[in-house]
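Enquirer: Pasting the sequence and the predicted coordinates here, then a few questions.
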Amino acid sequence: MLISLIGSMIYALPISVICAAQLFPLFCPEEAGSLPTLMAIAFLIICALFRHGSLKVRLMIVAAVVAPTVGLYFAVDKEERPEFFSERLWILPVLLAVLAAFIVGELLSAYRILRITVSTLILAALIFLTVRNLDPGALTTTMLFVIVLSTLISEVEHRWEKEGDRDVEKHMVSLLPFIILCCILVLASPSSDEPYGWPVAKRLWQFAKDTITRIEQFFSSDEDYMDHTIGFSGNAPHILGDLSSDDETEEMFKVSFKYKETPPINLGACGYNEFNGTGWTNSIDGAAALPEHSLDNIETRASMLEAGIADVSDHMRSIEANVTYSGLNTRYALLPGKYMDAMSQGALLDTLSANGNTVFADKHGFGTTYNFRLVKLNKNHSDFINLMNGTGHAIPPEVWEDTVTDILQLRRTDYPYESYLSYIKSIKDNYLRPVTPSPALREKLDILYEGCGGAYEKMLRLEAVLGRFTYTLTPGEMPDYVDSPESFLDHFMLEDPRGYCSHFATAMVLLARAEGLPARYVEGFCVSSSSNGGTTVTNNEAHAWAEIYFEGFGFIPFDPTPGHAGQTAWQTSSERSAYLSSLSKGSLEAFISMDTEEPADAAPDAEAATEENSPALVFIPILMFILLFPCAILLYKTIAARRFKKLTVSLKAVYLCHSAMKLMRFLGIKREPGETLSEFCEREKDKLPEDFSDFVSVYEAVSYSGRPVSEETLSTLLYLNRSFNAHVSSKRHLSYLIYRIFTV
């Protein structure tokens, strides 16, 4: 029976799994989870047992199915029954689908031409799906191949001339573990997210491309990639008219983050300070005595100390990121406007501060990798705005020194206060070129800035207003009269407020300078938000934005391009404390666990929940099964007794002999190979009743004489059988009772 049972599953099981993957989601509720699949497998086993089991097994299956159903019917209140069972009607199509799968599996096992035809159609379907780039799913594809593989094995078994046991079904069952192992290996192996992505071939192709990139970069000229991006061209970049969006996409670098959910960030490369109305240039000469980003970090941290900020995380947080160059070949280091020390292979990144930019000593290309901690500001929070509105003066000497030595644990001699003052002067000299808006533009700006508490709030409003302008890659050429910062502003702000990132960043920088704030134009790349911990950046993500200096705090990036500014704000510790202190103990517990609880309006009715979890739903089905199971056993015994009466005398004698031998196996008494019944009886006579030798003589006469069995012989067997059962019952009371219930 076991061979037949497993043989029925060879085709039925993969077909059932395919139904679970493709059909069940159409009618099963999402909250059911994996329950429909588990039910399908259980029902498939029941079908196989019903198909190949004895009458007793079939009756037990009927009892096991009917009893819980009837029990549930009586366990649920009469008023609730329609809703209770209607919500679970999806179980019926699941059972019907599995039943259909079992029938198809039986037909495939029985008819050779049918399974060959189906396997051929499956191969054709898989080829079609591959050509059309359609993906039925890894599980479905694997199960389809199981059907094809099983058919192939079956054909080999039928055509293979074997010695010994030639039962094809037994051979198929013996090979089933290897088929299952193959399925597990296929499902567990990594694969491409794209259907039929050929990941190995893609890796080889990517390796070839990377190798070619390395060779090209090694033999490339002294041209720097960053001199030809963001709408600028040549050594003296200028704003172009229209940009083409048909350029070939090239991978520039990869960025990975420590945490998966990461907001968009801008990584800058080139900063410019001089604008003549048609383009930006860099007129900063020489290298800074100290790294500008270090002085910027010290100033920002010192501003918190001066303002008495206890929890720095209220206003700034860090994001850990790693950059790896691929197609990029440049002397510029891609870094955010505010960052902690960049590291490469555990050591400080080998960079220089030159012309206001962070650069490498030589060009770096494919394989260059480093990491840093980006400083993210609570930019739009009211507390941060109030903090920034209070800036506008240099950090006092004592606060600077306390920040350097006590908070950041740096040496005072490395970052003297005089270097900070020199840093402020260089920023104003280089990034505060005078800009005087026209009277018409000035009037509009005054209206925009009305009611602002400080320069920072003005920049937030300006960034928001520019973000409502029109973004386009085809704004047209600049008019001939645009030959100065003021004329550019009049054209862009008053006449034609359209453009791409270069236009918006330029306007932001010039208008910040018009308010007396040093600002610089920065070009680099916009790294999109990441939900999986990393992203690939291409040349299409080239971008430009503004960085504005607030004396007493440092540089802050502003991105006025429509769709890029965003709203950065998070709850401060004082707000969290105030909210928690206002809650009662019960409310506090609710607040702590509110992320995992349903909203109040979505909570189920208390009475309905009680009814749903009623013990009656469990105990009544179990009670019904306990009552119905003996009925099924009794019905089976009755049917078996009626069948025994209809047997011939000879068949009755054979039945009684086999029953006695089963009873001996129950006692643990077994015949040795080649041992006759007489030898067996002599060896085990101490364990057998006295009249068992009479049974052996009758058994041998029935089995080997070939003569018809008389009524007298049958009566003797009946008597001996009852005597043997009584003997066993006296030896093992409880186990014998269970044996009689579950056996013939």
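Expert: Looks like it came in fine.

Enquirer: Point out where the stretch 401-550 of the chain drops to low pLDDT.
Expert: Where the stretch 401-550 of the chain drops to pLDDT under 70, the residues are 531.

Enquirer: Show me the helices in it, by range?
Expert: Using DSSP state H, counting those that start in this stretch, the helices assigned to the stretch 401-550 of the chain run over residues 417-431, 439-449, 455-466, 485-489, 501-514.

Enquirer: just checking, what packs against the longest one?
Expert: Applying 3 or more CB pairs under 8 Å, 6 or more residues apart in numbering; DSSP states H and E, we find helix 417-431 packed against helix 292-307, helix 397-402, strand 519-527. In short, each C-beta sits where N, CA and C put it, glycine included.

Enquirer: For Asp258, which non-adjacent residue is closest in space?
Expert: One correction, residue 258 is Lys, not Asp. Closest residue to Lys258 apart from its sequence neighbours, by CB to CB, 6 or more residues apart in numbering: Glu320 at 4.0 Å.

Enquirer: Show me which positions of the helix or strand where the one you found lies end up buried.
Expert: Element membership for Glu320, per DSSP states H and E: strand 316-325. The neighbour-count check on strand 316-325 (16 or more other CB atoms under 10 Å) flags Met316, Ile319, Ala321, Val323, Thr324, Tyr325 as buried.

Enquirer: Name the nearest residue to the fifth one, ignoring sequence neighbours.
Expert: Ranked by CB to CB, 6+ apart and with sequence neighbours excluded, the top spatial neighbour of Thr324 is Thr369, at 4.3 Å.

Enquirer: Dihedrals phi and psi, that neighbour?
Expert: phi -140, psi 140 (degrees, to the nearest 10).

Enquirer: For Tyr332, see how far away it is.
Expert: Counting by CB to CB, to the nearest Å, the gap from Thr369 to Tyr332 is 15 Å.

Enquirer: what's the answer for Tyr481, then?
Expert: Going from Tyr481 to Tyr332 by CB to CB gives 34 Å.

Enquirer: Show me the one of the helices and strands packed on helix 417-431 that comes nearest Ala578.
Expert: Counting by CB to CB, Ala578 lies closest to helix 292-307 out of these; the figure is 19.3 Å.

Enquirer: any idea of the angle the closest one forms with helix 417-431?
Expert: Counting by axes from the mean of the first three to the mean of the last three CA atoms, to 10 degrees, helix 292-307 lies at 110 degrees to helix 417-431.

Enquirer: circling back to that earlier point, doesn't Asn322 make contact with the residue nearest to Thr324?
Expert: Yes. Assessed by CB atoms under 8 Å, Thr369 is found in contact with Asn322 at 6.7 Å.

Enquirer: Closest to Val148 out of the buried residues of strand 316-325?
Expert: The closest of the buried residues of strand 316-325, once distances to Val148 are taken by CB to CB, is Thr324, at 42.4 Å.

Enquirer: so that closest one bridges to which residues?
Expert: In this entry, Thr324 is beta-bridged to Lys254, Thr369, by DSSP bridges.

Enquirer: List the contacts of it.
Expert: Neighbouring residues of Thr324 by CB atoms under 8 Å, 6 or more residues apart in numbering: Phe253, Lys254, Val255, Ser256, Gly367, Thr368, Thr369.

Enquirer: Please identify the deepest-packed of the helices of the stretch 401-550 of the chain.
Expert: Among the helices of the stretch 401-550 of the chain, helix 501-514 has the highest mean neighbour count (mean count of other CB atoms under 10 Å), at a mean of 25.

Enquirer: who are the neighbours in contact with Arg461?
Expert: Leu448, Tyr449, Cys452.

Enquirer: Distance of the last one relative to Pro336?
Expert: In this view, Cys452 and Pro336 are 27 Å apart by CB to CB.

Enquirer: out of those two, which sits in the more crowded spot?
Expert: Neighbours per residue (other CB atoms under 10 Å) separate Cys452 from Pro336, with Pro336 holding more: 21 against 16.

Enquirer: Now do the domain split for this protein, please.
Expert: Using automatic domain parsing, the domain parsing of the chain gives 2-188, 225-241+251-570, 647-742.

Enquirer: who's in contact with Ala97?
Expert: By CB under 8 Å, 6+ apart, Ala97 lies in contact with Ser16, Cys19, Leu23, Phe24, Ala40.

Enquirer: Out of those, who's the most crowded?
Expert: Highest neighbour count within these: Ser16, with 27 neighbours (other CB under 10 Å).

Enquirer: Quick check: it touching Met39?
Expert: No. Ser16 is not in contact with Met39 according to CB under 8 Å; the separation is 10.4 Å.

Enquirer: about what we covered before: list the contacts of the residue nearest to Lys258.
Expert: Counting by CB under 8 Å, 6+ apart, Glu320 makes contact with Phe257, Lys258, Tyr259, Asn371, Phe372, Arg373, Leu374.

Enquirer: Flag every buried residue along stretch 153-162.
Expert: Ile153, Ser154, Glu157.

Enquirer: and which of those is nearest to Ser577?
Expert: So of the buried residues of stretch 153-162, ranked by how close each gets to Ser577 (CB to CB), first place is Ile153, at 69.2 Å.

Enquirer: re earlier: among the buried residues of strand 316-325, pick out the one closest to Thr572, please.
Expert: Looking across these and measuring by CB to CB, the closest to Thr572 is Met316, at 11.6 Å.

Enquirer: So what pairs up with that closest one in the strands?
Expert: Beta bridges link Met316 to Leu377 when assigned by DSSP bridges.

Enquirer: That one and Asp341: what is the separation?
Expert: With the distance defined as CB to CB, Met316 ends up 16 Å from Asp341.

Enquirer: how about the buried residues of stretch 153-162 in a markdown table, adding pLDDT, distance to Phe469 and secondary structure?
Expert: Shown next, in a markdown table, are the buried residues of stretch 153-162 (pLDDT from 0 to 100; distance: CB to CB, whole Å; DSSP: H, G, I helix; E, B strand; the rest coil):
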| residue | pLDDT | distance to Phe469 | secondary structure |
| --- | --- | --- | --- |
| Ile153 | 82 | 69 | helix |
| Ser154 | 80 | 70 | helix |
| Glu157 | 74 | 75 | helix |
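
Enquirer: Pick out whichever of the residues you listed sits closest to Lys428.
Expert: Closest approach to Lys428 among those (CB to CB): Ile153, at 82.4 Å.

Enquirer: Spatially nearest residue to that closest one, not counting backbone neighbours?
Expert: Nearest residue to Ile153, sequence neighbours excluded (CB to CB, 6+ apart): Leu175, at 5.8 Å.
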